[in-house]
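**Student:** dropping the sequence and predicted coords here.
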Amino acid sequence: MGDIYMVQAMINISKQTNQILNIVKARHNLKDKSDAIERVVLDYGENMLEPELRPEFIEKIRKRQSEPTVKIKDFRKHFGLD
């Protein structure tokens with residue numbers, strides 16, 4: 001799990017958080033609690049963050065910015081909305 005570049009952190013967690021991490025670790029057959037924390041955080045990021053905040057969305061928009069554009073004089077006529 002994770003990128004090549006990893007950051008170490010000392011954290012304090014409650015007993016309940018520790019139990020949850022143990023469950024996540026066991027359920028997903030992870031090697032340690034670091035992997036469990038990463039799993040929980042990445043799942044949270046995928047499910048809870050707004051799409052426009054996700055790095056893959058930003059990259060997609062950057063690519064689209066460099067695409068050629070087409071000038072349309074009459075939007076309704078061009079797309080058959082009249």
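**Tutor:** All right, it came through fine.
**Student:** any buried residues in the biggest helix by length in the chain, and which?
**Tutor:** Scanning the chain for the helix with the most residues, using DSSP state H, yields helix 33-48. By neighbour count with 16 or more other CB atoms under 10 Å, helix 33-48 contains the buried residues 33-39. Every C-beta, even on glycine, is put in place using the N, C-alpha and C of the backbone.
**Student:** which other helices and strands contact it?
**Tutor:** Packing partners of helix 33-48 (3 or more CB pairs under 8 Å, 6 or more residues apart in numbering; DSSP states H and E): helix 15-27.
**Student:** alpha carbons of the helix it packs on, as PDB, please.
**Tutor:** Output of helix 15-27 as PDB, limited to C-alpha atoms (Å, rounded to 0.1, in the frame of the first residue of the first chain):
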ATOM      1  CA  LYS A  15      -8.500   2.200  22.800                       C
ATOM      2  CA  GLN A  16     -11.600   2.200  20.600                       C
ATOM      3  CA  THR A  17      -9.600   3.500  17.600                       C
ATOM      4  CA  ASN A  18      -7.000   0.800  18.300                       C
ATOM      5  CA  GLN A  19      -9.700  -1.900  18.300                       C
ATOM      6  CA  ILE A  20     -11.100  -0.500  15.000                       C
ATOM      7  CA  LEU A  21      -7.600  -0.500  13.400                       C
ATOM      8  CA  ASN A  22      -7.200  -4.100  14.500                       C
ATOM      9  CA  ILE A  23     -10.500  -5.100  12.900                       C
ATOM     10  CA  VAL A  24      -9.500  -3.300   9.600                       C
ATOM     11  CA  LYS A  25      -6.100  -4.900   9.700                       C
ATOM     12  CA  ALA A  26      -7.600  -8.400  10.100                       C
ATOM     13  CA  ARG A  27     -10.500  -7.900   7.700                       C
END
